[in-house]
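>>> Let's see this in three dimensions:
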Amino acid sequence: MAAMLDRHPEVAVPEETSFFFTGAVRPRLTKPSTHDALWRELPIWMGHMGGDPELMAAEFKELPPTARALFVLAMQSYATAQGKSRWAEKSPWHLRHIDLIFEWFPNAKVVCMLRDGRACVESCLKVPFHTRGRAWYALTWRYASRLIRRFEAKYPDDVLVVRYEDLVEAPEQTVAVVDDFLGLVYQPSQVDPAAVTASFKTSQEPWKQRVNEPLDTSRLSAWRETLSAEEHFLYRKLIENELRYRGYPVENYQNIGLVSRLKMTASASFNRVLATLVLWLKSVTGRM
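Predicted coordinates for the structure are as follows:
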């Protein structure tokens, strides 16, 4: 979806900035600061988003010394450099900061892409930098889906949930709905994989190569064939309720032995407790 929006002639979508949870910037999101301190802590590559970091630093000196002003400057500089009039940002875990985003940008619109949690997890397990196991990623998906629920209820006119499966199966219609939500006019080039997009550097992120390929509906359920009965059972124990709430079918895998059943149940229980503790610690320490 980020690439499809970036292909729109009015919208620029850079790489993920992770601005709201970058370690050095995060403590200054809502606290007074100075121009020098904020600029020093800005991720280096964001300073180049407009092409000339010295010019951007000089422009920032003319603005209030706030994280919001710096973020807007970086994004607007990028959009201008791309010849676009609007910008969007796509870091997944900015989901945790939607309240602050709406505080900063009361007229903002948020599009949440949602995919079957099992497909998400199996995809995460394939990237070279993954550090967690299947159960942890499954519970992270459940946590994210529940966060989206909360924001759907809190900002019903400004948060749109789009299922990845709908995008793959009906790209033109789905992108048109998103464009209408954002006040854009749909452009056929948005769903053309040959159209240029700067949202991803696939040479540096080879696992995102398919962004430049035609959408493939056969891959939507490919993950099902790779899972064992025990792994399907583990998903049921971890995220069945959230999957059903989101309209995803859940198979009833009963043909596993008692030992495997007990093992998967114990793993699910342990990881639920661990995930709850970790998320609580992050919330009380401000690391969300």
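>>> Residue 1: neighbour count?
Counted with other CB atoms under 10 Å, residues neighbouring residue 1 total 20. C-beta: built from backbone N, CA, C; applies to glycine.
>>> In contact with it, which residues?
90, 111, 113, 162, 167, 175, 178 (CB atoms under 8 Å, 6 or more residues apart in numbering).
>>> Please, a ChimeraX command that selects the buried ones among the residues you listed?
ChimeraX command restricting the contacts of residue 1 to the buried ones, with burial defined by 16 or more other CB atoms under 10 Å:
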select :90,111,113,162,167,175,178
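>>> and of the contacts of residue 1, the nearest to residue 53?
The closest of the contacts of residue 1 to residue 53 turns out to be residue 90 (CB to CB; 22.2 Å).
>>> one step back: among the contacts of residue 1, which are located in strands?
Secondary structure defined by DSSP state E assigns 111, 113, 162 of the contacts of residue 1 to strands.
>>> Out of these, which is nearest to residue 232?
residue 113 (23.9 Å).
>>> Is it possible to get JSON lines of the ones in strands among the contacts of residue 1 that adds distance to residue 45 and pLDDT?
Below are those laid out as JSON lines (distance: CB to CB, whole Å; pLDDT from 0 to 100):
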{"residue": "111", "distance to residue 45": "24", "pLDDT": "98"}
{"residue": "113", "distance to residue 45": "24", "pLDDT": "96"}
{"residue": "162", "distance to residue 45": "28", "pLDDT": "97"}
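>>> Using a markdown table, please lay out the contacts of residue 1 together with distance to residue 127.
Formatted as a markdown table, these follow (distance: CB to CB, whole Å):
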| residue | distance to residue 127 |
| --- | --- |
| 90 | 17 |
| 111 | 23 |
| 113 | 17 |
| 162 | 22 |
| 167 | 20 |
| 175 | 25 |
| 178 | 25 |
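>>> Quick check, residue 213 in contact with residue 192.
No. Look at residue 213 against residue 192 with CB atoms under 8 Å: they stay out of range, at 11.5 Å.
>>> okay, those two: which has more neighbours?
Using other CB under 10 Å, the more surrounded residue of residue 213 and residue 192 is residue 192, with 13 against 9.
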